[in-house]
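[1] I'd like to go over a predicted model; first the sequence, then the structure.
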Amino acid sequence: MAIHPTAIVDPKSKVHPSCKIGPYCVIGAEVELGERCHLVSHVTIEGPTKIGVDNGFFPFTSIGMAPQDITYAGEPTRLEIGDHNKIREFVTINRGTVKGGGCTRVGDYNLIMAYTHIAHDCQVGSHIIMANAATLGGHVTVGDWATVGALCPVHHFVRIGTHAFVGGGTTITRDVLPFSKTSAERGTHAYGLNAVGLERRGFTKERIKKIHHAYRVLLASKLNTSQAIEKLKAETDLGEDVEMLIGFIESSERGVVK
């Protein structure tokens, strides 16, 4: 195992021999590090925290610290991080709280850029990009393949749908629709379908056409949300993407950005 002599690694931690631990890193007793993780320098990881394989942590990241919740009383909550994530400079990811299920989770193949904060009990999927200084409040859910732009504060308990794109500097206080482009320009609005992103991810023209039709009904018609959903439900051959979109809207507790 390559451990720099200035690093402090608790002997009770479980660090795979293939990991590289750089200068001035600190690893706590209840940390598990999978194969080939690389801590560049000045990385602090506390636990209970379980981290998968091939993750890169850049300088001054703070991982698995206690949640920033005034009701937290030292309970043994967790953080779980999957595989192949790049976690850049000054990122903070906190453990969960008992009232939020006890675990913060981050999936696989994510790019978490500098100064990003992922608060307690967040459930972050896979293949996600969080740009510089994106900030998730507690209990936020981010679906797979979503992009959260730079300097975006996301209110606690908000959901960001799969394949959504949130433009930089957008304050998010309601759920962001799957497949949508959402921006703060002239107020926070959904500006239609993230078609370019879907094409890049291999969506067929037929799939995109069906989602685009649903967005025209939801966003461009004179129907309110309930009426638009009823209209879509009355149609045949919606496809699983549109059915998922409808289910996302119907299960929203905070309302959705339209």
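    Perfect, I can see it now.

[2] who are the neighbours in contact with E35?
    Taking C-beta atoms under 8 Å, 6 or more residues apart in numbering as the definition of contact, the neighbours of E35 are H16, S18, C19, V53, D54. Where you see a C-beta, it was placed from the backbone N, CA and C, and this is true even at glycine.

[3] where does the stretch 51-200 of the chain have low pLDDT?
    186-187 (pLDDT under 70).

[4] let's see 90
    Residue ranges of the stretch 51-200 of the chain with pLDDT under 90: 183-192.

[5] so R105 is in which element?
    Secondary structure from DSSP states H and E places R105 in strand 103-106.

[6] what element comes up after that strand heading to the C-terminus?
    strand 111-112.

[7] How about residues contacting the following helix or strand past that following strand?
    The helix or strand immediately downstream of strand 111-112 is strand 117-118, counting by DSSP H and E. Defining contact as C-beta under 8 Å, 6+ apart, one finds that strand 117-118 is touched by V91, T92, I93, N94, T104, V106, I112, V124, M130, A134, T135, L136.

[8] and which of those is nearest to T171?
    Using C-beta to C-beta, T135 is the member of the contacts of strand 117-118 that sits closest to T171, with 10.1 Å.

[9] Distance of that closest one relative to V53?
    Relative to V53, T135 is positioned 27 Å away (criterion: C-beta to C-beta, to the nearest Å).

[10] A131 now?
    If you go by C-beta to C-beta, the gap between A131 and V53 works out to 25 Å.

[11] Of the two, which one has the most company?
    A131 (20 against 17; other C-beta atoms under 10 Å).

[12] and the closest residue to G52 other than its chain neighbours, what does it touch?
    Ranked by C-beta to C-beta, 6 or more residues apart in numbering and with sequence neighbours excluded, the top spatial neighbour of G52 is D83, at 3.9 Å. With contact taken as C-beta under 8 Å, 6+ apart, D83 is in contact with G34, G52, V53, D54, N55, D108, Y109.

[13] Grab the most central residue of the chain for me.
    The chain has V124 as the residue nearest its centroid, 3.3 Å off, counting by C-alpha atoms, centre = their mean.

[14] Let me see the contact set for that one.
    By C-beta under 8 Å, 6+ apart, the residues touching V124 are R105, V106, G107, N110, I118, M130, L136, T141, V142.

[15] any idea how far G47 is from it?
    V124 is 18 Å from G47, where distance means C-beta to C-beta.

[16] swap in G138?
    Computed as C-beta to C-beta, the G138 to G47 distance reads 19 Å.

[17] So these two - more neighbours on which side?
    More neighbours sit around G47 than around the other of G138 and G47, counting by other C-beta under 10 Å; the figures are 24 against 21.
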